[in-house]
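> Turn this into a structure:
(one chain, ligands or ions: 2)
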Amino acid sequence: MGSLAKTAHEMAIDGDEPPPRYFINESTFGSVDASPPPLPIPTIDISLLSLPSSGEEAIGHGIPDSYLDKVREVAKQFFLLPMEEKKKYSRGEKDGEGYGGDLVVSEKQVLDWSDRLTLKVLPEDERRPNLWPEFPAEFREVLHEYTMKIKYVLDTLFKATARSLNLEEDAFLNQFGDRARLTGRFNFYPPCPRPDQVLGLKPHSDRSGMTVLLQDREVEGLHVLKDNQWFRVPIIPHALVVNVGDQMQIMTNGIIKSPIHRAVTNRMRLRISVAVSNEAEPEKEIGPAEGLIDEERPRLYRNVKNYGAINFQCFQRGEVAIDTVKI
Ligand SMILES: O=C(O)CCC(=O)C(=O)O
Ligand SMILES: [Fe+2]
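Ligands and ions are numbered 1, 2, ... in the order given. As a prediction, the model looks like this:
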């Protein structure tokens, strides 16, 4: 694993052309169509608690629009700080927490045109306060407060999903354990001179249980793969995007799927997004809920511990993580 000489943001500031390592491999992904057809995404009103499936937009979450703007604003202010200031929060070589460009794990890796700040928020005693930005002044408070609000949204979604599948309400939440993780990831996509060839974030499915994504208010960029075709996710400023992650696909025995998605870059405008996701406690085994296994739907996945580590190793080998836990 290593660090980049310059992050995407530094190259954007210096007016550099993206180096070859950022160019997508045509044979794998094809060239980038920046504006594929919009995906008509179902909207869940959280206040009514209906069933989420992969890739939905959530309203009725009780978080005021002005507060969502504030979260976007503190994120942007952090990324616009001078590099020396941001480097105080640099990610270490061995872990994904902190600030940095794409994490380099192999020579062959196609790199993402984005800078990120990833911070664990729960369990509280595993926070690393030295990696929590001091500027802008409200950053820490907003991170804590916003992620607690999203935790409530996530808990509500997991309970509603369990009920709608005729499971006991806490069926999924119990699997995550008392020391479930909650992580905030701030994504910053600087303008890119080659949006046709360079992605902000490579195609992936989230390793989480679920991820709640706050999109940029103005600049689109999220695409979802459906029936082997890319669709763009239109912006609804007051809505949150709910992305089902691999851990939920495992726990629902494949009934609810984690969608493959990516972020594209934009020639003129920077874009930010804020992803908050939960994961099971690493030492706790997760697996398909008993009530979702029967003769017609046999168990699809084995029980797994520490799916995050499995996901990371697969990423290094270029394998699809969820396929490796299939029975
Ligand atoms: O920036 C986006 O819209 C996507 C972010 C994302 O997929 C992630 O952080 O996992
Ligand atoms: Fe994602």
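
> where's Gln175, which helix or strand?
Using DSSP states H and E, Gln175 sits within helix 171-176.

> Secondary structure element for Asn311, which one?
helix 307-317.

> and the stretch 101-250 of the chain, which of its residues are near ligand 1?
185, 187, 201, 206, 211, 213, 215, 221-222 (C-beta under 6 Å from any ligand atom). Yep, even glycine has a C-beta here, placed from its N, CA and C like the rest.

> Make TSV out of those residues and add secondary structure, pLDDT and neighbour count.
Formatted as TSV, these follow (DSSP: H, G, I helix; E, B strand; the rest coil; pLDDT from 0 to 100; neighbours: other C-beta atoms under 10 Å):
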residue	secondary structure	pLDDT	neighbour count
Arg185	strand	98	18
Asn187	strand	98	23
Leu201	strand	94	21
Asp206	coil	96	23
Thr211	strand	97	26
Leu213	strand	97	24
Gln215	coil	96	26
Gly221	coil	96	25
Leu222	strand	96	24
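
> now, which of these sits nearest ligand 1?
Leu222 (3.5 Å; C-beta to the nearest ligand atom).

> where exactly do the helices run in the stretch 51-200 of the chain?
Taking DSSP state H, counting those that start in this stretch to define them, one finds helices in the stretch 51-200 of the chain at 65-79, 83-86, 139-164, 171-176.

> Out of the ones you listed, which gets nearest to His261?
For His261, the closest of the helices of the stretch 51-200 of the chain is helix 139-164, at 17.7 Å, according to C-beta to C-beta.

> name the helices or strands packed onto that closest one?
Contact here means 3 or more C-beta pairs under 8 Å, 6 or more residues apart in numbering; DSSP states H and E; on that basis helix 139-164 packs against helix 65-79, strand 115-122, helix 171-176, strand 181-189, strand 210-214, strand 240-244, strand 271-279.

> Kindly state which of those is positioned closest to Ile24.
Comparing the helices and strands packed on helix 139-164 by C-beta to C-beta, strand 181-189 comes nearest, at 14.9 Å.

> export that closest one as PDB, just CAs?
Output of strand 181-189 as PDB, limited to C-alpha atoms (Å, rounded to 0.1, in the frame of the first residue of the first chain):
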ATOM      1  CA  ARG A 181     -19.400   0.500  13.400                       C
ATOM      2  CA  LEU A 182     -20.700   3.800  12.000                       C
ATOM      3  CA  THR A 183     -18.300   5.600   9.600                       C
ATOM      4  CA  GLY A 184     -18.500   8.900   7.800                       C
ATOM      5  CA  ARG A 185     -16.800   9.300   4.500                       C
ATOM      6  CA  PHE A 186     -16.400  12.700   2.800                       C
ATOM      7  CA  ASN A 187     -15.800  12.500  -0.900                       C
ATOM      8  CA  PHE A 188     -14.300  15.500  -2.800                       C
ATOM      9  CA  TYR A 189     -14.200  15.300  -6.600                       C
END
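
> what angle separates it from strand 115-122?
For strand 181-189 against strand 115-122, the angle by axes from the mean of the first three to the mean of the last three C-alpha atoms, to 10 degrees is 170 degrees.

> about what we covered before: which elements pack onto the helix holding Gln175?
Using 3+ C-beta pairs under 8 Å, 6+ apart: helix 171-176 touches helix 139-164, helix 246-251.

> Kindly reformat those as JSON lines containing mean pLDDT and mean neighbour count.
Formatted as JSON lines, the helices and strands packed on helix 171-176 follow (pLDDT from 0 to 100; neighbours: other C-beta atoms under 10 Å):
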{"stretch": "helix 139-164", "mean pLDDT": "96", "mean neighbour count": "19"}
{"stretch": "helix 246-251", "mean pLDDT": "98", "mean neighbour count": "26"}
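
> now the ones you listed in a markdown table, with distance to Asn306?
Below are the helices and strands packed on helix 171-176 laid out as a markdown table (distance: least, C-beta to C-beta, whole Å):
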| stretch | distance to Asn306 |
| --- | --- |
| helix 139-164 | 20 |
| helix 246-251 | 11 |
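
> quick one, which of these is nearest to Ser273?
Comparing these under C-beta to C-beta, the one sitting nearest is helix 139-164, at 13.3 Å.

> what angle sits between that closest one and helix 65-79?
Using the same axes, to 10 degrees: helix 139-164 against helix 65-79 is 130 degrees.

> how about the helix holding Asn311: buried residues?
Counting neighbours by 16 or more other C-beta atoms under 10 Å, one finds that the buried residues in helix 307-317 are 307-308, 310-311, 314-315.

> which other residues reach it?
By C-beta atoms under 8 Å, 6 or more residues apart in numbering, the surrounding residues in contact with helix 307-317 are 96, 105-106, 204, 207, 246-247, 250, 279-280, 282, 286, 304, 320-321, 324-325.

> try 6 Å
Residues from elsewhere that reach helix 307-317, judged by C-beta atoms under 6 Å, 6 or more residues apart in numbering: 105-106, 207, 247, 279, 321, 324.
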